[in-house]
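1. Everything below, folded, please.
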Amino acid sequence: QVHLVESGGGLVQAGGSLRLSCATSGRTFSLNPMAWFRQAPGKERELVATSNRDGITYYSDSVKGRFTISRDNVKSTVHLQMNSLKPEDTAVYYCAIDSRTNYGMTYVASEYNYWGQGTQVTVST
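-> Model (predicted):
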């Protein structure tokens, strides 16, 4: 059975940093797009960053230049380094994997078929 487990969330002051990690088990995902999404209260889940099997990345405009997604294809883990955090970054962050795609990028939440349980990130002023 596949499990994705996020860690690293917490409370941080504006301007601070956090590093999220997503550990997987049950199978390997070295070929598949891996991503981070977030969902703030009352808002839709949005793509934060995604990385394909070759390490090519995509970032939403709201986090570009501040967040960095990285992955370890051997361990099938994915990380999100978040710097210069802002109060508007407050949300539950989810890692996700599209195991049905081996090449290219996946940008739409509905196309990701494995999800973690989420980790809360709260940025205070």
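
2. Now for Asn113, how many residues are close by?
-> Taking other C-beta atoms under 10 Å as the neighbour definition, Asn113 ends up with a count of 14. From N, CA and C alone the C-beta is placed, and that goes for glycine too.

3. For it, give its distance to Val78.
-> 15 Å (C-beta to C-beta, to the nearest Å).

4. can you give me the strands in this protein?
-> For the chain, the strands defined by DSSP state E cover 3-7, 10-13, 18-25, 34-39, 46-51, 57-59, 67-72, 77-82, 91-97, 114-115, 119-124.

5. With distance to Val108, mean pLDDT and mean neighbour count as added columns, please give these in JSON lines.
-> Shown next, in JSON lines, are the strands of the chain (distance: least, C-beta to C-beta, whole Å; pLDDT from 0 to 100; neighbours: other C-beta atoms under 10 Å):
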{"stretch": "strand 3-7", "distance to Val108": "18", "mean pLDDT": "97", "mean neighbour count": "17"}
{"stretch": "strand 10-13", "distance to Val108": "29", "mean pLDDT": "98", "mean neighbour count": "13"}
{"stretch": "strand 18-25", "distance to Val108": "19", "mean pLDDT": "97", "mean neighbour count": "19"}
{"stretch": "strand 34-39", "distance to Val108": "10", "mean pLDDT": "98", "mean neighbour count": "24"}
{"stretch": "strand 46-51", "distance to Val108": "8", "mean pLDDT": "98", "mean neighbour count": "21"}
{"stretch": "strand 57-59", "distance to Val108": "12", "mean pLDDT": "98", "mean neighbour count": "17"}
{"stretch": "strand 67-72", "distance to Val108": "17", "mean pLDDT": "97", "mean neighbour count": "18"}
{"stretch": "strand 77-82", "distance to Val108": "18", "mean pLDDT": "97", "mean neighbour count": "22"}
{"stretch": "strand 91-97", "distance to Val108": "11", "mean pLDDT": "98", "mean neighbour count": "23"}
{"stretch": "strand 114-115", "distance to Val108": "13", "mean pLDDT": "98", "mean neighbour count": "18"}
{"stretch": "strand 119-124", "distance to Val108": "22", "mean pLDDT": "98", "mean neighbour count": "17"}
